[in-house]
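[1] Could you look at this predicted model? Sequence included:
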Amino acid sequence: MSWTVEFDSRVLKDMRKLDNTVQRKILDYLDERIAGSDDPRRFGKALKSSFSGPWRYRIGDYRAVCRIEDEALTVLVVRIAHRSQAYEGPV
């Protein structure tokens, strides 16, 4: 069972603003760990409080906030940001 990682259009715009090394690190993490896993939840944590629902993955100083769609075996990345800004605004 293999998972697919998809990106919201806003995430692609935000990724272009990051350094190439950081971009590669984030993409490698999502491709190797999340897409190659039988259970993507084992690498992350569920968000709590007013953000409940999405999951977050820690990738160095950056966070990937994702929605896990079990029926489609898809992890939808809705935000990638520095940890100081990852939880600002709606997720």
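    On my side now, so go ahead.

[2] list the helices and strands the helix or strand hosting residue 21 packs on?
    Assigned by DSSP states H and E, residue 21 belongs to helix 20-29. Counting contacts by 3 or more Cβ pairs under 8 Å, 6 or more residues apart in numbering; DSSP states H and E, helix 20-29 packs against strand 55-59, strand 62-69. Every residue, glycine included, has its C-beta placed from N, CA and C.

[3] Can you tell me which helices and strands the first one packs against?
    When contacts are defined as 3+ Cβ pairs under 8 Å, 6+ apart, strand 55-59 packs onto helix 20-29, strand 45-46, strand 62-69.

[4] now do the last one
    Using 3+ Cβ pairs under 8 Å, 6+ apart as the contact definition, the elements that strand 62-69 packs against are helix 20-29, strand 55-59, strand 74-82.

[5] Including mean neighbour count, distance to residue 56 and mean pLDDT, could the helices and strands packed on strand 55-59 go into TSV?
    Converted to TSV, the helices and strands packed on strand 55-59 look like this (neighbours: other Cβ atoms under 10 Å; distance: least, Cβ to Cβ, whole Å; pLDDT from 0 to 100):
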stretch	mean neighbour count	distance to residue 56	mean pLDDT
helix 20-29	14	13	96
strand 45-46	11	6	92
strand 62-69	20	5	94
